[in-house]
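S.K.: Got a predicted model here, sequence first, then my questions.
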Amino acid sequence: MFRILIVDDERIVLNGVRMMIEEDLALSFPTDIATASNGPQALELLKNFTPDLILTDIRMPVMDGFTLVQHIRERFPDIAIAILTSHADFDYAIKAIRYQVTDFILKPIDENQLKETIEKAQVKKTQAEQAHLRSSVLELRNMMLYDLSPTELISSSEQIQQLFPYTYFTAIVLSFSELSGQNGSEAVFQEIFSRYYDVCHTFLLPDRKQIAAICNHEHFSVKSTGLKRKLAELGTSPDFYIGISISSNSYKSLHNLYSNAVQRIFYEKSFGKDSDLTGFSLLTYQDCVHIFTEKDPKKAQELLREYIKNNCSVSLEGLSPKSVFSSFFHNISLYLESVELSLPEDRQAVYSGKEDFFGLADEIFQALSSVKKTLQQTADHQSSGNDAQIQQLLEYIRKNYQYDISLDDLAEAVKMHPNYVCTLFKKHIGQSYLFCLHQERLRAAKQLLINTDFTIEEIARQVGYNSASQLARVFRKYESTSPSDFRSKH
C-alpha cells in the first residue's frame, strides 16, 4: 500500500487531487490517501498516519508549506515531498533543495506530471525497502555467525518481521571438504530448503567451507528426514555433512541455533552417525563450557563433581567413563574452536584407562587444569601483540567508517579470522566491532551536523548509513536525541 498525504487550504484542490489519484491516474499499485487543510492539521494527522509521499501547497494560512516541510523533515527525513504551487519561483527552488523536496507540481495540476511524481516516489520507496531488507539479512547473518548482540542491530523489528513473518527459526549448516564446486549453489539449496520451511535465506561461507541458512517456519516441528536425504543426494564430497538445529521462537537465538547445527556436524565427524555420544554431548555441552570457563578452581571442581553425579546414571545405561571423558573434552575442543583457540596435538587430554566413575571427576579436573595451563601460556605469549592488533582494527574503522564494513571485510583487511576479531574486541574493549563502528560514524555525523548545512540524508550517506532513518535510529540509541535536535542545540 502506497500512502499519500495531501495538504491544501483550498477544498476544491484537496478533493480534486484526491479524486484524480483515485479515479483517473490508473496507478499499478493501491493507494491510501489522507487529506489536511493546513499545516497543524497535517502534523496532527502524522501522529497516526505515516505517508510515503506528501503533496503540499506552499501558501496556506496558519502555517506555510515550507514551515510544514521543515517540521516533517525533523521527524520523517526519508518521506518524499512534492510542492503544489501556482508560481515557478527561484526562492522556492532554493528552499526546496534545502529541505530535500522531491518535485514541483504547478497548478492547475497536470495528470501526467502528478502520475509521474507518484510513480517516482513509489519506485524510490520500493528500492529503499529492498536495500533495508538486504541490509537486515546481512545483519542477521552476522549475528548468527558471530554472536553479536541484538541491541546493536540497525534494522527495526518491523523490518525483521517483514523478512521472517513466522514464529519459529531453525539454522541449517552444510559442511564440505572443499567449497570450490559450490559457487552459485546457494540458489539450488535455497530452493530445496524452501520445500520444507516457509522462508529461507542462504549464505555461502567460503572461509568455513559451509553453506548456512536461516529458516523461518510456522510450526515448531518440521520433518527433515526427506530434506537430509535430498541434501545428501547433492553432496559432491565424501566429507559432506548436514547439521539441522533445534527450533527457537526468537531471531535473537540465531547464534545458538547455528552453534547447535555446527555441534551436530562436529559430533558426527567425531563419534560417527547415530552415536549415543552425539546426543549425550549435545545435552551436556553448556555444562562443559560452564565448568571450563569457571575461573575459581574450587568452584570448577564442585561443578565437575555435580556434572558427573547428574550424568552418571545416564552414562551407566550405555556410556563408559572413557566415553564421558571423551565427550567432555570434545565439547571443550568445540568451544575452543568457536573462539579461535586450539591445543597442540601433543597437549590433548588423554584418558588414563580407569573403568569406573568414582575417580572420573578428579581425572577430568587434572586434565582440564593441564589444558588451561597450556592455553594460558599461549595467551601470555600472544598478549604482547594484542594491543597492536586492536589499534590496527580501530585504525581501519577510522579510515573506512563511511563504507559498508562487515565483520568479514574488517577481518580480511587485517588478515585475521572474524571470530578472532570478535574475541579481541570483546576482551580488550568490552564491546563489539559494531559498537566501535557506530561510534566512529556518530563522531563524524556530529561534526557535519555542527559545521555544515548538509541535510540529514546527505550526512547519513556520507558517514556510512543507507538512509536518514538509519542514522536517526542509531543517533537516538546512543545519543538519546535525534540528529535534528542535536543540530538545533549546537
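M.R.: In hand now; what should we look at?

S.K.: mind listing what the residue nearest the centre of the chain touches?
M.R.: Nearest residue to the geometric centre of the chain (C-alpha atoms, centre = their mean): residue 139, 2.2 Å. Contacts for residue 139 were tallied using C-beta atoms under 8 Å, 6 or more residues apart in numbering; they are 153-155. In this view, the C-beta of every residue, glycine as well, is placed from N, C-alpha and C.

S.K.: Report the helix or strand with the lowest average pLDDT across this protein.
M.R.: Scoring the helices and strands of the chain by mean pLDDT, DSSP states H and E places helix 90-98 at the bottom, with a mean of 66.

S.K.: can you tell me how far residue 2 sits from residue 123?
M.R.: Taking C-beta to C-beta, to the nearest Å as the measure, residue 2 falls 10 Å from residue 123.

S.K.: When these two are compared, which one has more neighbours?
M.R.: residue 2 (19 against 10; other C-beta atoms under 10 Å).

S.K.: For the more buried one, give me the pLDDT.
M.R.: At residue 2, the pLDDT value in this model is 95.

S.K.: Beta-bridge partners for it, please?
M.R.: Bridge pairing for residue 2 (DSSP bridges) gives the partners residue 31.

S.K.: Going along the chain, name the strands of the stretch 101-250 of the chain.
M.R.: Counting by DSSP state E, counting those that start in this stretch, the stretch 101-250 of the chain has these strands, from start to end: 103-106, 168-175, 199-205, 210-217, 241-244.

S.K.: Of these, which is nearest residue 427?
M.R.: strand 199-205 (23.9 Å; C-beta to C-beta).

S.K.: counting contacts, what elements does that closest one pack onto?
M.R.: Other helices and strands packing on strand 199-205, by 3 or more C-beta pairs under 8 Å, 6 or more residues apart in numbering; DSSP states H and E, are helix 111-146, helix 186-193, strand 210-217.

S.K.: Please name the residues that touch residue 335.
M.R.: 285, 288-289, 292.

S.K.: Please read the previous query as pertaining to residue 216.
M.R.: By C-beta under 8 Å, 6+ apart, residue 216 lies in contact with 163-166, 168-169, 197-200.

S.K.: By neighbour count, which of these wins?
M.R.: residue 169 leads those on contacts (other C-beta under 10 Å) with 25 neighbours.

S.K.: Show me the beta-bridge partners of it.
M.R.: With DSSP bridges as the rule, residue 169 is bridged to residue 216, residue 248.

S.K.: That one and residue 107: what is the separation?
M.R.: Counting by C-beta to C-beta, the gap from residue 169 to residue 107 is 52 Å.

S.K.: Residue 198 too?
M.R.: 49 Å.

S.K.: cool, residue 358 as well?
M.R.: With distances taken as C-beta to C-beta, residue 358 is found 93 Å from residue 107.

S.K.: the more surrounded of the two?
M.R.: residue 107 (14 against 10).

S.K.: out of the strands of the stretch 101-250 of the chain, which comes closest to residue 320?
M.R.: Evaluated over the strands of the stretch 101-250 of the chain, closeness to residue 320 peaks at strand 241-244, with 25.6 Å, by C-beta to C-beta.

S.K.: elements contacting that closest one?
M.R.: strand 168-175, helix 225-234, helix 254-271.

S.K.: weakest of those in terms of mean pLDDT?
M.R.: Mean pLDDT is lowest for helix 225-234 among the helices and strands packed on strand 241-244, at a mean of 74.

S.K.: what's in contact with that one?
M.R.: Residues outside helix 225-234 that contact it (C-beta under 8 Å, 6+ apart) are 174, 188-189, 192-193, 195-196, 240, 242, 244.

S.K.: How about stretch 187-197?
M.R.: 170, 172, 174, 200-202, 211, 213, 215-217, 222-224, 226-227, 230-231, 234.

S.K.: Residue 16 - nearest residue in space that isn't next to it in sequence?
M.R.: Spatial nearest neighbour of residue 16, chain neighbours left out: residue 109 (7.6 Å); criterion: C-beta to C-beta, 6 or more residues apart in numbering.

S.K.: ok, the closest residue to residue 403 other than its chain neighbours - contacts?
M.R.: The shortest distance from residue 403 to any residue other than its chain neighbours is 6.2 Å, reached at residue 464 (C-beta to C-beta, 6+ apart). Shown in contact with residue 464 (C-beta under 8 Å, 6+ apart): 401-405, 437, 441.

S.K.: What separation do you get for residue 464 and residue 457?
M.R.: 13 Å.
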